[in-house]
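[1] this is the structure alone, sequence omitted:
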Ligand SMILES: Cc1cc2nc3c(=O)[nH]c(=O)nc-3n(C[C@H](O)[C@H](O)[C@H](O)COP(=O)(O)OP(=O)(O)OC[C@H]3O[C@@H](n4cnc5c(N)ncnc54)[C@H](O)[C@@H]3O)c2cc1C
Ligand SMILES: Cc1cc2nc3c(=O)[nH]c(=O)nc-3n(C[C@H](O)[C@H](O)[C@H](O)COP(=O)(O)OP(=O)(O)OC[C@H]3O[C@@H](n4cnc5c(N)ncnc54)[C@H](O)[C@@H]3O)c2cc1C
Ligand SMILES: Cc1cc2nc3c(=O)[nH]c(=O)nc-3n(C[C@H](O)[C@H](O)[C@H](O)COP(=O)(O)O)c2cc1C
Ligand SMILES: Cc1cc2nc3c(=O)[nH]c(=O)nc-3n(C[C@H](O)[C@H](O)[C@H](O)COP(=O)(O)O)c2cc1C
Ligand code: FES
Ligand code: FES
C-alpha cells in the first residue's frame, strides 16, 4: 500500500533511460514508455520525474511529468502536447536515450483503514492517479472514479480505471461519453450518495479547487496534485511555490500532492495556458 | 569545361536536401552525400554550399563546405570533424533532411587554351579540387597533382586524383606515403621540371601562401581557395573579408577562389585553429 | 476576414511592420535571389558613413549559445559609393520599397554630413541614426551611452532633415528609458531597440579571444528577453514609436515585440540562418492574426495584457 | 603529472575554483543526493535577509533561448532561520566545505545587520553581498547600478567584518568597471560577476507576460558572452579577484572564465538542467589541465593570449 508515499523511502537520482515505446492514444496525447529500472522500482503513486527532453541547447529546463504506471523496470508517462518540449517528446523513437531525475516529490497518501476512495480526474489529470488506483484496488480498497474530459477520446486511461475501480462515472464537454458537462456534477452526486473516506483529485486547477470545495462541504479529506513551472524539481530554486496555510511550499518537494484544505487557492497561480 | 565558373551562370537557392550516405573515410574525416538536385546541377568546381547542420538552436550559423563532387543530383562533401557542427554532421544518418544554401561563391577558372595544370592539395584542401580535376581531365587538360597530408590515411580523395591525373605526387608528415615532409618540397621540384599553365591550390593558409610564392617565382598563374568564418555566405554581412590588392573582398562571393597574386597574405587572418 | 498589415511608424507608411535590421541585409541586392524585396515593410540599409570605413580585423564573428558575436566595425564604402551603387540599384530593382538609411559617424558632424548628402537623394524614405555600434572606437556606442551624447547627435541630424529620423539605441546602458527620452526631446521621430549587447568569446583550446578585436556585439535569440524588456520599458515611457529588434526568428517572435509596444520590427541575425527569414516572419504574423481574429496588425502594438 | 586545483580567492583558500551560484543551489541539502558537497570549492548560499522575505508572485520562471528568466524575488526565511536550519545542516553534513553566505537587504543597514548577526557564527567563511538582484523593488539592483550606492553598501558591511567580503555586481549598467572600482575602493575583497540581465518574456498565445512580475533575470548560456566580457574588463582593471559566472555548463566554459581573468567560477542555471553539473565542471577543468599540461589551475587565471 501507499502509506509510505508520505515519507518517500527512496532518494532521487539522475538516471539514463531508454525509450521502449511512444504511442499516440488520442489527438495530441501519447504514452511514453521508458526503461528506467531504478526509478521504476522506487517511485510511489503521485510522484513525478523531471525529464531532459533533448541534449543540446533547445531546452534549458527539464520537463516534469507524473508517473502514470511503473512495472518491470518500465515507467509510463501520459503526456499531452502543449509546447515545444512535449512536441519533442511526441517525436521520440524507440531506443533513443535521454535522462531523468526522479522519483521526485511527495505522492498520494492513504489514511490507515481506508475503505472507500473517490478518485476524480480531469483530462490529463488521469495520469498521476493511475498507479494509485491500481495500488488501492490491489490492497482491497473500494475505488470509485469520476472522469472528465472534453471528448470521449480524451478520457485517457479510462481502461485502467475501468479495470480496477468498482465504479467509473464519466462526463464529457460534448457528451460523447457519459453525461454532458463538467465532472463536477457527477462528483457532487457521488458525494451526496456515497460515503468516502478519502478523495484524490487531479486536473485543471479550477476543477481541483471546485472539487476540493465539495469535499470540504461533504467533510471528506481530499488530496490534490498541483502543477507549477519547475526549474530544478528538487527544492532548490523556489520557482514552484504554492500558497498554503503554512506559508509558501515547494510543489516539487512538499508537493505536488497537497491536502486540499491546506491550499490557499485564491493566491495560487496556474501555469500559463496554451 | 569550367570557364563559366568565373561568372556563375546559376543563382543560389535555399534547398531542402536529404542524406544519401555518410561514410567515415579516415580518422575524423567523412564523406557526406546529399540528394540536392538543384544545387548538384548548378554547382561549378570550387563553389561551396552553406549547410544548416540541425534545426533548433544548437547552431545559429550555417557551416560552409566546398562541393567535392556533384553528379546525378547528388552532392559529395568531404568533411573533417573539428568542432560541434562537424561533429553533428558526422552523426547524420541516411534519410535525414536538412537544408543548404547554394551553390555559392566564385569557383576555379580555367584560362583559354589551358594545357597542363598543377593541382596542389593539403589535407582537406583536396575537397574543393575534386570536381575541377575531373572536369579538366575530361576536357583533355593534362593534370598533375601534388598531395600533402599528415599521414597516408589522411590523403583523402587520393583515389579520385589517381584516376584522372597524369601524375600524382605524395608527401606525408610521417612518410607513411610518398616522401616525408611537406608538400611544398615536391611542388618546388615539379615547378622546376614541368611547364604548367595554371596552378590550383587549397590547404592550410600557410601552405597556400608558400605555394603561391613558388608559383610567382616560377611565373605560373595560381589560384587559391581561402577559408573564412562566414555568417551569411551570400555577401551581406562582411564577416568573411580577405585583404586583396583591390581592398577587402568577401570570400563568400568574390571568393573563395582568388588569384593568388591579388591576395595580401600578410594581413589576412586564418580562422581559429583547433 | 481581411487582414490589414499596414502600420504607421510616425509619418512613415509601411505596408507591413517587418523591416530588415541594419548590417544584416546589406542593401538588399544579396537577398534578391531569396526574397521578394518589395514585400518588405522597408529596407534598413547597412551603416553608411561619410568616408569609406575599413572595418575591423578578422576574425569578425563567433557563434555563441543561441546567438552570435560580430565585430564588423561598420565597414562601408562611404556615402557617395552607397548612393551610386546601392541606392541606385534599389531605385531600379525595388522602386516601391521604402529605404531607411542607417547612418554612422565618428562625431555629430559626421552623422550630420551623411544626412546632408542624402537629403539630395529623393529615394531615401527615412534615416536610422546608429549611436549604438559597439564595434568602433570613436563615435558609435559612445554617443548612445550618455544622454548628452545621444541628444547631441540627434539634434545635429534633426536640423538637417524633415524626413523621419529614427535613433538606434544601445542596450549597454543602465537606464534605457533615460536615453530614449533624451533623443525624443532632441527631436527624434522614433527609436530603434536594440543594437547588440557587448560580449566576448574565448577559445579555450587556443586560449585566444575568438574575435580579433576581442569584444563584439551579441545578437540573435539569446538577446530577445533583453530586447523585449527594453522595448516594453521605452514604449511605455515615450510618445514616439519604437522599432523593435533582437533575436526575431519567427512571426511569433515578431508578435511578441509588437505586444511589448513596438510599432514595427526588424529581422537581423535570422537572415543569416535562413535568407528567407523576413518573408517567413511576415507570413507568420499574418497567420497569427488570422488565428486570433485580429484585423489590423497595428492593433497588436502595446496590446500586452499586464493585469 | 600532479594537478594542483587549489586557488586563493583573496584570503580564501579553495580546494578548487568551482563554487555554486547563489540562489541555484539552496544551501546544498537539496543537492546532497547528487553531488559530494565537499568536493566543491565552496558553497555560496541563497540570498539571506534580516527578516523573512516572501518573494514574488507566480509564475516565477520562463524558459528562453539558451537561458531562463527568474523572478523569485529572494524568497528566504530570514537570517535566524537560515542559521538554525541551513548553516547547522551544513556544519553537520559538510563540515569541511567553506560556506559563503549571500546577503540581501533593502537598505545598507539591513545588509549590515545580516552580517552583524552572521559574525557570531563560526562556520561562515565569507560573504557575498548581492547588490544586483533585478527582482526586488527596493535594494537589490538599485544599489548595484550606481557607484555611490554600491560603495555605500560595501562600506557598511566592511566595517563589521574582517572576513572576505565579495560584492556581487549587476551587468545592467553602462560601465561595469566604474562600479567595480567603487566597491574595491570601499573595501571589497573581491567581486562576483555577473548577476542576471534584466529581461522579459511574452506568451503570444495569451498576450501576457510569462512572469507575474513582468520582468526577471536572464541566466544561462545565452548570457555567457556578456559575462565573459565583464569578467575580462573588470579583472583587467582591478586588483581584487573576480568570481566569474554566467552560463557555465561545462569545464571548458569554466576555463574560459578563468582565462578571461576570473580567479574562481560559479555554476548556476546548469545545476537545474543537470544536478551533477558542479561535479562535471570540476572534472572538466581537470581534464582540460591534463590535456594542456597545466599543473596549477591558478595559472589559467588571466592567461588569455590577446596579441
Ligand atoms: C508535477 C507535475 C506533473 C505533471 N505531470 C504531467 C503529466 O503526467 N502529463 C502531462 O501531459 N503533463 C504533466 N505536467 C505538465 C507538463 O510538465 C507540461 O505540460 C510540460 O512541461 C509542457 O512543456 P512544453 O515544453 O510542451 O511547453 P512549453 O509551454 O513550451 O514549456 C515552457 C516552460 O513552461 C513549463 N510548463 C508549461 N506548461 C506547464 C505545466 N502545465 N506545468 C508545469 N510546467 C509547465 C515547461 O516545463 C517549460 O519550462 C506536469 C507538471 C507538473 C509540475
Ligand atoms: C568556402 C569554405 C569551404 C570549406 N570547405 C570545407 C570542406 O570541403 N571540408 C571541410 O572539412 N571543411 C571545409 N571548410 C571549413 C568548414 O567550414 C569548417 O571546418 C566548419 O565550419 C567547422 O564547423 P564546426 O562547427 O565543426 O567548428 P566550430 O569551431 O565549432 O565552429 C564555430 C564557428 O566557426 C566556424 N569555423 C570553424 N572553423 C572554420 C573554418 N576552418 N572555416 C570556416 N569557418 C570555420 C564555423 O562555421 C562556425 O561558425 C570550408 C570553409 C569555407 C569557408
Ligand atoms: C553582422 C552584423 C552587422 C550589423 N551591422 C549594423 C550596422 O551597420 N548598423 C546598425 O545600426 N546595426 C548593426 N547591427 C545590429 C543589428 O541591426 C541588430 O540591431 C542586432 O543584430 C539585433 O537584432 P538581431 O538579433 O535580429 O540580429 C549588425 C548586426 C550584425 C549581426
Ligand atoms: C533561480 C535563480 C535564483 C537566483 N537567486 C540569486 C540570489 O538569491 N542571490 C544572488 O546573488 N544571485 C541569484 N541568482 C543569480 C545567480 O547566482 C547567477 O549570478 C546567475 O544566474 C548567472 O549564472 P548562471 O548563468 O550560471 O545561472 C539567481 C539565479 C537564478 C537562476
Ligand atoms: S522546482 Fe525548484 S524548488 Fe521546486
Ligand atoms: S559570409 Fe557574409 S559577406 Fe561573406
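    Structure's in. What do you need? Remember, predicted model here, so these are calculated numbers, not experimental data. Ligands and ions are numbered 1, 2, ... in the order given.
[2] got a list of what residue 180 touches?
    Defaulting to chain A. Residue A:180 makes contacts with A:171-174, as judged by C-beta atoms under 8 Å, 6 or more residues apart in numbering or on different chains. All C-beta atoms are positioned from the backbone trio N, CA, C, and that covers glycine.
[3] actually chain C
    Residue C:180 sits next to C:169, C:191, C:193, C:234, C:237-238 when contact means C-beta under 8 Å, 6+ apart.
[4] just put the contacts of residue A:180 in CSV and tack on distance to ligand 3.
    Compiled in CSV, these are given as follows (distance: C-beta to the nearest ligand atom, whole Å):
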residue, distance to ligand 3
A:171, 48
A:172, 46
A:173, 42
A:174, 44
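[5] farthest pair within those residues?
    A:171 and A:174 (10.4 Å; C-beta to C-beta).
[6] do the lowest-mean-pLDDT helix or strand in chain C and ligand 3 meet?
    Scoring the helices and strands of chain C by mean pLDDT, DSSP states H and E places helix C:141-144 at the bottom, with a mean of 80. No. Helix C:141-144 is not in contact with ligand 3 by C-beta under 6 Å from any ligand atom; minimum separation 10.0 Å.
[7] which helices and strands does that helix pack with?
    If contacts are counted by 3 or more C-beta pairs under 8 Å, 6 or more residues apart in numbering or on different chains; DSSP states H and E, helix C:141-144 sits against helix C:147-158.
[8] the helix it packs on: which residues count as buried?
    C:147, C:149-158 (16 or more other C-beta atoms under 10 Å in any protein chain shown).
[9] what is the nearest of these to residue A:156?
    Once C-beta to C-beta is applied, the member of those that ends up nearest residue A:156 is residue C:150, at 57.6 Å.
[10] can you give me the pLDDT of that closest one?
    At residue C:150, the model reports a pLDDT of 94.
[11] next: residue C:6.
    The predicted local confidence for residue C:6 is 98.
[12] phi first, then psi, for it.
    Backbone dihedrals for residue C:6, given as degrees, to the nearest 10, come out at phi -70, psi 150.
[13] surely it meets residue C:18?
    No. Residue C:6 lies out of contact with residue C:18 (C-beta atoms under 8 Å); the separation is 11.5 Å.
[14] those two: who's more crowded?
    residue C:18 (29 against 14; other C-beta atoms under 10 Å in any protein chain shown).
[15] quick revisit: can you add neighbour count and give the contacts of residue A:180 back as a markdown table?
    A markdown table is the format used below for the contacts of residue A:180 (neighbours: other C-beta atoms under 10 Å in any protein chain shown):
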| residue | neighbour count |
| --- | --- |
| A:171 | 22 |
| A:172 | 22 |
| A:173 | 14 |
| A:174 | 12 |
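[16] ok, which of the residues you listed also contact ligand 4?
    Within the contacts of residue A:180, nothing lies near ligand 4 by C-beta under 6 Å from any ligand atom.
[17] can you lay out these as CSV showing distance to ligand 1 and pLDDT?
    Shown next, in CSV, are those (distance: C-beta to the nearest ligand atom, whole Å; pLDDT from 0 to 100):
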residue, distance to ligand 1, pLDDT
A:171, 20, 96
A:172, 19, 96
A:173, 18, 95
A:174, 21, 95
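[18] now these as JSON lines including secondary structure?
    Rendered in JSON lines, the data for those read as follows (DSSP: H, G, I helix; E, B strand; the rest coil):
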{"residue": "A:171", "secondary structure": "strand"}
{"residue": "A:172", "secondary structure": "strand"}
{"residue": "A:173", "secondary structure": "coil"}
{"residue": "A:174", "secondary structure": "coil"}
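[19] for the stretch 1-150 of chain C, which spans come out with low pLDDT?
    C:1, C:137-140 (pLDDT under 70).
[20] by proximity to ligand 1, which residue of it wins?
    Closest approach between the stretch 1-150 of chain C and ligand 1, counting by C-beta to the nearest ligand atom: residue C:66, at 15.3 Å.
[21] surely that residue meets residue D:221?
    Yes. When contacts are counted by C-beta under 8 Å, residue C:66 is listed as touching residue D:221 (7.3 Å).
[22] can you report phi and psi for the closest residue to ligand 4 within chain C?
    Of all residues in chain C, the one sitting closest to ligand 4 is residue C:65 (10.4 Å; C-beta to the nearest ligand atom). Main-chain torsions, residue C:65, degrees, to the nearest 10: phi -60, psi 120.
[23] ok, stretch A:85-93 near ligand 1 or not?
    Yes. Stretch A:85-93 is in contact with ligand 1 by C-beta under 6 Å from any ligand atom, via A:85-86.
[24] so residue A:237 versus residue A:161, what's the distance?
    Note on residue A:237: its distance to residue A:161, by C-beta to C-beta, to the nearest Å, is 34 Å.
[25] which one of the two is surrounded by more residues?
    The neighbour comparison of residue A:237 against residue A:161 (other C-beta under 10 Å) goes to residue A:237, with 28 against 25.
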